[in-house]
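> Show me how the following folds:
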Amino acid sequence: MTPRDDAGLVDRARAGDRAAFETLVQRNRRPLRAIVRRLVGVAEDTDDLVQETLLRAWQSVAGFRGDSAFGTWLCSVGARLALDHLRRQRRWRVDAQIVYGNRCFADETMKAEVVGAIGSPDFMFEAREHIAYCLTCVGRSLPPEQHAALTLRDMAGMSNREAAEAVGVTQSVLRHHLAGARQTMTAAFDGLCSLVNKQGVCYQCKGLR
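Below is the predicted model of the structure:
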């Protein structure tokens, strides 16, 4: 259900109050962007999809029933758009990070850019950011429906019902996608990721070693 402090804003937004809608959006923009970014993995595509999400949400907010929190509903709109986007894209290869790391090492211009960034006085390795990027790489190697199920259920913390509604499937189908994602992820990344094979932590992966 929509939190009580948002209920009045939702009622006003449904009635066409753009200011109330913008207030709700500002409260929920960060999780929306996080979910879309985790799904698509590309900053430019994320920006475009977030903007399209906000447009779609404004056009359809009058029909928002309030069965879930406004933020959950908004993220669901974004997830559906991101899923449609993924279905039009090629899946990433399992060893994408290693392949592009080797390409970067072999290209003097790219290598100089990376070395320059690492050598900067304000450079800081953020394990959390690395893990988030790795999970996106893992997800983009999965079928889009599995990637969406894994992201919404295990990473965004949506319930089975919320995640299923977000991607437009039944809860049993969502569970099927989720099981497939976990099984594929374990099989494909067992030899690459120290976190998956339980031999270490994420940033001890084969690519970084």
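
> Distance of the residue nearest the centre of the chain relative to residue 152?
Closest residue to the average C-alpha location of the chain: residue 38 at 2.2 Å, with CA atoms, centre = their mean. Distance from residue 38 to residue 152, counting by CB to CB, to the nearest Å: 9 Å. Bear in mind the C-beta positions are built from the backbone N, C-alpha and C, glycine included.

> go on, residue 137?
Distance of residue 137 to residue 152, given as CB to CB: 18 Å.

> now residue 138
Distance of residue 138 to residue 152, given as CB to CB: 15 Å.

> picking up where we left off before, if you count surrounding residues, which of residue 137 and residue 152 has more?
Under the neighbour definition other CB atoms under 10 Å, residue 137 and residue 152 were set side by side, and residue 152 has more, 29 against 20.

> if I pick that one, what's in contact with it?
Contact partners of residue 152, counting by CB atoms under 8 Å, 6 or more residues apart in numbering, are 35, 79, 158, 162, 163, 166, 167.

> Show the contacting residues for residue 136.
The contact partners of residue 136, taken as CB under 8 Å, 6+ apart, are 37, 38, 39, 41.

> Is it within a helix or a strand, and which one?
helix 127-140 (DSSP states H and E).

> Could you do residue 21 as well?
Here residue 21 sits within helix 18-40, counting by DSSP H and E.

> Show me what that helix is in contact with.
Helix 18-40 has contacts (CB under 8 Å, 6+ apart) with 6, 8-10, 12-13, 43, 46, 49-50, 53-54, 57-58, 61, 70-71, 74-75, 78-79, 81-83, 85-86, 132, 135-136, 139, 147-148, 151-152, 155-156.

> In it, which residues are buried?
Neighbour counts over helix 18-40 (16 or more other CB atoms under 10 Å) mark 20-21, 24-25, 27-29, 31-40 as buried.

> follow-up on the earlier one: weed out the non-buried ones from the contacts of helix 18-40.
When the contacts of helix 18-40 are checked for burial by 16+ other CB under 10 Å, the buried set is 6, 9-10, 12-13, 46, 49-50, 53-54, 57, 61, 70-71, 74-75, 78-79, 81-83, 85-86, 132, 135-136, 139, 147-148, 151-152, 155-156.

> quick one: which of those residues sit in helices?
6, 9-10, 12-13, 46, 49-50, 53-54, 57, 70-71, 74-75, 78-79, 81-83, 85-86, 132, 135-136, 139, 147-148 (DSSP state H).
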